[in-house]
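**Q** starting from these lines, generate the structure:
(chains A, B, C and D)
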Number of protein chains: 2
Amino acid sequence: MKRTRFAGDACPVARAVDVVGDWWSLLIVRDAFIGRRRFGEFQTGLGVAKNILTDRLRKLVAAGVFEQVPAADGSKHKEYALTEKGRELLPVVVALGQWATCDATPFTPVDRETGRPVRLVFRSADGRTLDPRDVRLTPAETG
Amino acid sequence: MKRTRFAGDACPVARAVDVVGDWWSLLIVRDAFIGRRRFGEFQTGLGVAKNILTDRLRKLVAAGVFEQVPAADGSKHKEYALTEKGRELLPVVVALGQWATCDATPFTPVDRETGRPVRLVFRSADGRTLDPRDVRLTPAETG
DNA sequence: GTTGAATAGTTGCAATTTGCAACTGAACCG
DNA sequence: CGGTTCAGTTGCAAATTGCAACTATTCAAC
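**A** Here you go, the predicted structure:
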């Protein structure tokens, strides 16, 4: 049957899942962060079927995560570039990466200036860094 | 056709997607963080079909994200509780929530002790907090 | 302890999605 | 101009999804 969609859901996680909660979409975004931009790069890099890739790229463009940009090396082929909204998905990709990390990590998040590795952490209002264990979710308080 | 699986993939994001990159799984995990534990709570809360929920819970238990615990209020019904590994998914859920947040937020991450809200941020080795814009992914450096 | 309702699933079926493979049409290379 | 790469499109078989109806425990009351 038709897949349930969450676009109008009140929960932001649900809406995010609606856009990006699909096996391929997040991997395409991850590849984009590594520097891939062309259809063929995504296709061979991920081993995804071409019709699926076509569909996902179209949907990600429609969702405002990617945009088609005219060129990069002057060729007439279009390329897919992350939008601002798309680049804001970096914490999601990094969080997933930190969760399942083992020996073979194909990428590391680093400070763009110093090139030194960074971590994703919780920070309280007064600047303290918190262990995830010390964080909980409160349902719906003040909105 | 059979869905492509990434369980043996080198990339941790891919492996994470294999477990949790499914429309329902992450929402189930989110609900667990809010405090839901019973089959029926997940079912009515998410509006997911019962056979799908059965399947997802089974897979999440097999993946070590949930475990079935004997009781909570003495009843003989089993409940589903997040394991340590499952609780470590909190940054993923929060990252997705931060990405798609708008007015109606059904939950907020807060400091367990003070109850005050916290944010997920990037932190460099020397303790500075970085804007996601100042972070990039370097592919496969040292392995 | 039997009846009835709630809980936690299972089963069957039709619509949708997925993925492989083969095909098409530009764009680039010589 | 001819061949090759790039970027898809099309067709089809198998898997997944979701609804609805059904079953089996468990709880609550009588």
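
**Q** can you give me the strands in chain A?
**A** Ranges of strands within chain A are A:66-69, A:79-82, A:107-111, A:118-124, A:129-130, A:135-139, based on DSSP state E.

**Q** gap between the longest one and the chain center?
**A** Which is strand A:118-124. Taking the mean of its C-alpha atoms, strand A:118-124 sits 18 Å from the chain's own mean (C-alpha atoms, centre = their mean, to the nearest Å).

**Q** same question for the shortest one.
**A** Relative to its parent chain, strand A:129-130 has a centroid offset of 24 Å by C-alpha atoms, centre = their mean.

**Q** quick one on the thing from earlier: looking at the strands of chain A, spot the one closest to DNA strand D.
**A** Nearest to DNA strand D among the strands of chain A is strand A:79-82 (6.8 Å), distances taken as C-beta to the nearest atom of the strand. Just so you know, the C-beta spots here come from the backbone N, C-alpha and C atoms, and that holds for glycine as well.

**Q** and that closest one, which strands flank it?
**A** Strand A:79-82 has the following strand partners under DSSP bridges: strand A:66-69 (antiparallel).

**Q** the partner strand and DNA strand D in contact?
**A** No. Taking C-beta under 7 Å from any atom of the strand as the criterion, strand A:66-69 and DNA strand D are apart, separated by no less than 7.8 Å.

**Q** show me the contact partners of the longest helix along chain A.
**A** Longest among the helix segments of chain A by residue count, using DSSP state H, is helix A:50-62. For helix A:50-62, contacts defined as C-beta atoms under 8 Å, 6 or more residues apart in numbering or on different chains pick out A:19-20, A:22, A:24-25, A:28-29, A:39, A:42-43, A:46, A:48, A:66-68, A:80, A:86.

**Q** returning to what we had before: okay, the strands of chain A in CSV with distance to B:Lys2 next?
**A** Converted to CSV, those look like this (distance: least, C-beta to C-beta, whole Å):
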stretch, distance to B:Lys2
strand A:66-69, 27
strand A:79-82, 27
strand A:107-111, 28
strand A:118-124, 33
strand A:129-130, 41
strand A:135-139, 35
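
**Q** for A:Ala10, find the nearest of those strands.
**A** A:Ala10 lies closest, by C-beta to C-beta, to one member of these: strand A:135-139, at 11.6 Å.

**Q** in this structure A:Arg37 contacts A:Ala72, no?
**A** Yes. With contact defined as C-beta atoms under 8 Å, A:Arg37 reaches A:Ala72; the gap is 6.4 Å.
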